[in-house]
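**Q** When you get a sec, could you give me coordinates for this:
(chains A and B, ligands or ions: 3)
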Amino acid sequence: MRGFDFVAPTTISATLKAAKGRNTKFIAGGTNFLPDLRHQHDGPAKLVIDLMRVSALQGISSSKGQIKMGALATMTDFLTNKIILKEAPILAAMSEKFAGPIIRNRATVAGNIIDGGPAADAVPPLLALKAKVRLASEKGRRTVDLDKFLTGYRQTAIRSDELITAVTFPSPGRNHKWGYYKLARRNAMAITVVGVAVVLKVRRKKVEEAGISLGSVTAAPIRCYEAEKILEGNVVNLELAQKAAEACAAVAAPIDDIRASAEYRKLMCEVLPRRLICQALDISQDND
Amino acid sequence: MKMATASKSKRTGKSSAPAYVPPKKLPISFTVNGQEVSAEAPAHTTLLYLLRDLGFTEVKNGCEAGDCGACTILLDGLAMNACCALGVQAEGREITTVKGIGTVDNLHPIQQKFIEHGAIQCGFCTPGMIVAAKELLDLTPNPSRHEIKAGIAGNLCRCTGYVKIIDAIEAAAEELSSKKGKRK
Ligand SMILES: Cc1cc2nc3c(=O)[nH]c(=O)nc-3n(C[C@H](O)[C@H](O)[C@H](O)COP(=O)(O)OP(=O)(O)OC[C@H]3O[C@@H](n4cnc5c(N)ncnc54)[C@H](O)[C@@H]3O)c2cc1C
Ligand code: FES
Ligand code: FES
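**A** Ligands and ions are numbered 1, 2, ... in the order given. Sure thing, here's the model as predicted:
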């Protein structure tokens, strides 16, 4: 992809206008864009639209129990933003394991969602938080559940003239319980072997609502509806946690690759959710 | 005027490439270590190439894919990989390279400690490592060894085995915080 033109608008409307043309491509932090540019010799873009100067795409806010993250919110923001640290610490825990500090300074939440790969690390926690993606184009605006937005391996429901403006999720509440684990071959700069995110709303010891998701074991990160249902409405004990964990493993369809075997990944899709559910709910586990 | 006809190569079966049209150049200006610079470059030029072509060869090219940290610079004070941005994205921004952190005659304590601790062997990772260490110590003035390791997680060193780099950053942190203490 060479010889493209470049614009850096400062407003959403100017961005959408530019995106109407044929063969346009956005760039945000560039941490996927530039390695892609280097590796694919011939891409389609005629015009690259820089999003980094659109101030309306920045910032994280909270209102009426809804958390809104601008498309340009970075992984570093997840580690430092007070709203995230208070309302959704799972995103900070995820970010701590994401690449290294320098990449985190630039890697945006929208860029990670558009990555759409199985190992996009921000996605499992956002699925567990039941996040929605806000989209805009000159034709109008729409909001799509993140779950539905991811349509397959590196595929999303975005149209070529559409921009992600924000990602939102309902606050899981002060007293929610959560767990996150990134299983990888190194502590940093590693591609996830299995990622697990668990968010549980608990009231009078009962799990009122559950969000459980897996990364790196299906074409795109996936929500484990069955496992969520097993926990919801119940005072969870080890036996139920185990049942939910088995339901997680049941939806996992991992592959063998250089990082781990499918067999190992499948096993971890049971071990890790059980461990995270038990740790979150203070259930003692005999076997690990 | 007669147009060149695309001929098919027997070997590859692909048509020969169309005539070369040099990519359009865009004007770019920004500051590097306080100095204003202007350039013209095609939009696909990475910030890394742009800086190196302008003579800022202290910004190293290790991988061009965000993996090694050799190209680490500060953009408006925030550490980033110069290989992961387009040069045109730097328009109007302030860039700091290792030379903006301290100079040969006036070394920053981080640079001084790298020398004292033998944290430099071939030196290829050093410019990026020092910029990453600068951001780390700005944000976390008294880091634990674990925090130092996490702070330079995006910077590869193929020579030192990291121990001396971590020692150097630890020593620099001590010196910087004792200096601050004295000033107060
Ligand atoms: C060394 C290295 C380590 C990495 N480690 C990890 C890791 O541990 N975990 C992980 O998940 N990822 C990792 N990544 C991948 C990458 O950093 C992330 O996916 C990042 O979040 C991408 O965001 P960005 O802003 O840099 O996207 P860009 O590269 O700017 O853009 C990527 C794509 O998203 C599109 N896009 C961006 N913003 C929008 C928007 N608002 N609306 C519509 N389209 C948009 C762009 O058009 C482009 O196609 C790593 C990358 C590198 C180079
Ligand atoms: S050259 Fe930029 S990270 Fe390696
Ligand atoms: S000193 Fe040679 S790579 Fe670090």
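**Q** going forward, measure contacts between C-alpha atoms and count neighbours the same way
**A** Noted.
**Q** can you point me to the longest helix in chain B?
**A** helix B:163-183 (DSSP state H).
**Q** If we go by neighbour counts, what in it is buried?
**A** Buried residues in helix B:163-183, defined by neighbour count with 16 or more other CA atoms under 10 Å in any protein chain shown: B:164, B:165, B:166, B:167, B:168, B:169, B:170, B:171, B:172, B:173, B:174, B:176.
**Q** So which other helices or strands are in contact with the helix or strand bottoming out on mean pLDDT in chain B?
**A** Sorting the helices and strands of chain B by mean pLDDT, DSSP states H and E puts helix B:163-183 at the bottom, at a mean of 91. Under the contact definition 3 or more CA pairs under 8 Å, 6 or more residues apart in numbering or on different chains; DSSP states H and E, helix B:163-183 sits against helix B:109-116, helix B:145-151.
**Q** Run through the chain and note the low-pLDDT ranges.
**A** Here I'm looking at chain A. By pLDDT under 70, the low-scoring segments of chain A are A:1-2, A:41-44, A:287-288.
**Q** that answer is for a different chain, and I need it for chain B
**A** B:1-16, B:182-184.
**Q** Quick check: residues of it near ligand 1?
**A** B:65, B:66, B:67 (CA under 6 Å from any ligand atom).
**Q** OK, contacts around the most centrally placed residue in chain A?
**A** Ranked by distance to the mean C-alpha position of chain A (CA atoms, centre = their mean), the top residue is residue A:123 at 1.4 Å. Each residue near residue A:123 by CA atoms under 8 Å, 6 or more residues apart in numbering or on different chains is listed here: A:112, A:113, A:215, A:221.
**Q** List the contacts of the longest helix anywhere in chain A.
**A** Counting residues, the longest helix found in chain A (DSSP H) is helix A:262-281. The contact list for helix A:262-281 (CA under 8 Å, 6+ apart) reads A:177-181, A:193-194, A:196-198, A:214, A:217, A:236, A:238, A:241-242, A:244-246, A:248-249, A:252-256, A:284-285, A:288.
**Q** do stretch B:106-126 as well
**A** Residues contacting stretch B:106-126 (CA under 8 Å, 6+ apart): B:60, B:69-70, B:101-102, B:130, B:133-134, B:155-157, B:159-160, B:162, B:164-165, B:167-169, B:171-173, B:175-176.
**Q** who are the neighbours in contact with the residue nearest to residue A:105 when sequence neighbours are not counted?
**A** Distances taken as CA to CA, 6 or more residues apart in numbering or on different chains place residue A:76 nearest to residue A:105, at 5.2 Å, with adjacent residues excluded. Counting by CA under 8 Å, 6+ apart, residue A:76 makes contact with A:95, A:101, A:104, A:105, A:106.
**Q** SS state for residue A:76?
**A** Counting by DSSP: H, G, I helix; E, B strand; the rest coil, the backbone at residue A:76 sits in helix.
**Q** quick one: it and ligand 3, what's the gap?
**A** Distance, residue A:76 to ligand 3, using CA to the nearest ligand atom, to the nearest Å: 26 Å.
**Q** For the chain, which segments count as helices?
**A** By default, I'm working from chain A. Going by DSSP H, chain A shows helices at A:12-19, A:33-39, A:75-80, A:82-87, A:89-96, A:101-104, A:109-115, A:123-128, A:146-149, A:225-231, A:238-251, A:262-281.
**Q** that's the wrong chain, I meant chain B
**A** Counting by DSSP H, the helices of chain B are B:47-53, B:98-101, B:109-116, B:126-139, B:145-151, B:163-183.
**Q** is it possible to export those helices to JSON lines including distance to residue A:276?
**A** Output for the helices of chain B, formatted as JSON lines (distance: least, CA to CA, whole Å):
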{"stretch": "helix B:47-53", "distance to residue A:276": "42"}
{"stretch": "helix B:98-101", "distance to residue A:276": "43"}
{"stretch": "helix B:109-116", "distance to residue A:276": "40"}
{"stretch": "helix B:126-139", "distance to residue A:276": "31"}
{"stretch": "helix B:145-151", "distance to residue A:276": "24"}
{"stretch": "helix B:163-183", "distance to residue A:276": "33"}
